[in-house]
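> One predicted model, sequence on top.
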Amino acid sequence: EAGVTQSPTHLIKTRGQQVTLRCSPISGHTSVYWYQQALGLGLQFLLWYDEGEERNRGNFPPRFSGRQFPNYSSELNVNALELEDSALYLCASSLPGTGNEELFFGSGTQLSVL
Amino acid sequence: RKEVEQDPGPFNVPEGATVAFNCTYSNSASQSFFWYRQDCRKEPKLLMSVYSSGNEDGRFTAQLNRASQYISLLIRDSKLSDSATYLCVVRTSGTYKYIFGTGTRLKVLA
């Protein structure tokens, strides 16, 4: 069974550009979480989607947005890129209401903003 | 005070040693607890969930102390391949909000 998949694996952009990152959860998982991890730092929560709805949002500006599709895949959009947006963006999925509800991560998208 | 706190380390231990990490959490409504392992610039991988009664998986033992609001991870007979950052994760009841600690770095030395 396929795990969480993310694309692309690497991206290089310049300041002011826009980027879209994609995530496909484990089959049957309805929740998708997005995290940002800058080099040497911890995971910062960005967004949580479940059943197509945004359920929670971290302390990030509105230029970070996303959506979840009917097949539970998700996109993260970042507008007006800034240098400090350079980070590893991780997507995770889970199936709420099933017990302990572990998160399973994709291998991430490494974004570099020049 | 951070919601989830970990000693960043690094913990440098020789092969075969036993090492323990603690993680404290501030929200008493926290419901689920996990340890993840993260290798450099890779995604976190679930090491084990932490149950109220404590649980063991091979060389790894996890404990939960709700009264003192901490969880622990014990690694016995450390291997070189155990070198990684260990992340403590806490999920709050009702919100499905997962809070990650900043991680404890472990280096197992030959």
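Noted; the coordinates are in hand. A quick note: this is a predicted structure, and the numbers were derived from the prediction, not measured.

> Which residue, other than its chain neighbours, is closest to residue 41?
The chain I'm using is chain A. B:Thr102 (7.3 Å; C-beta to C-beta, 6 or more residues apart in numbering or on different chains). From N, CA and C alone the C-beta is placed, and that goes for glycine too.

> wait, I meant chain B there
A:Leu88 (6.6 Å).

> Just to check, B:Tyr98 is in contact with B:Val89?
Yes - here B:Tyr98 reaches B:Val89: they are 5.6 Å apart, a contact under C-beta atoms under 8 Å.

> Need the overlap of contacts for the two.
A:Leu103 (C-beta atoms under 8 Å, 6 or more residues apart in numbering or on different chains).

> any idea how far A:Gly97 is from A:Gln36?
A:Gln36 sits at a distance of 27 Å from A:Gly97 (criterion: C-beta to C-beta, to the nearest Å).

> Can you list the neighbours in contact with the worst-scoring helix or strand of chain B on mean pLDDT?
Within chain B, no helix or strand scores below strand B:97-100, which has a mean of 88 by mean pLDDT, DSSP states H and E. For strand B:97-100, the external contacting residues (C-beta under 8 Å, 6+ apart) are A:33, A:35, A:42-43, A:45, A:48, A:56, A:103, B:3-4, B:25, B:36, B:44, B:87-92.

> quick check: mean pLDDT across the helix or strand just after that strand?
Counting by DSSP states H and E, the next helix or strand C-terminal to strand B:97-100 is strand B:104-109. Averaged over strand B:104-109, pLDDT sits at 97.

> hmm, strand B:104-109 touching chain A?
No - Strand B:104-109 lies out of reach of chain A by C-beta under 8 Å from any C-beta of the partner chain, never closer than 10.6 Å.

> Tell me the helices and strands packed up against that strand.
Judged by 3 or more C-beta pairs under 8 Å, 6 or more residues apart in numbering or on different chains; DSSP states H and E, the packing partners of strand B:104-109 are strand B:11-14, strand B:19-25, strand B:84-92.
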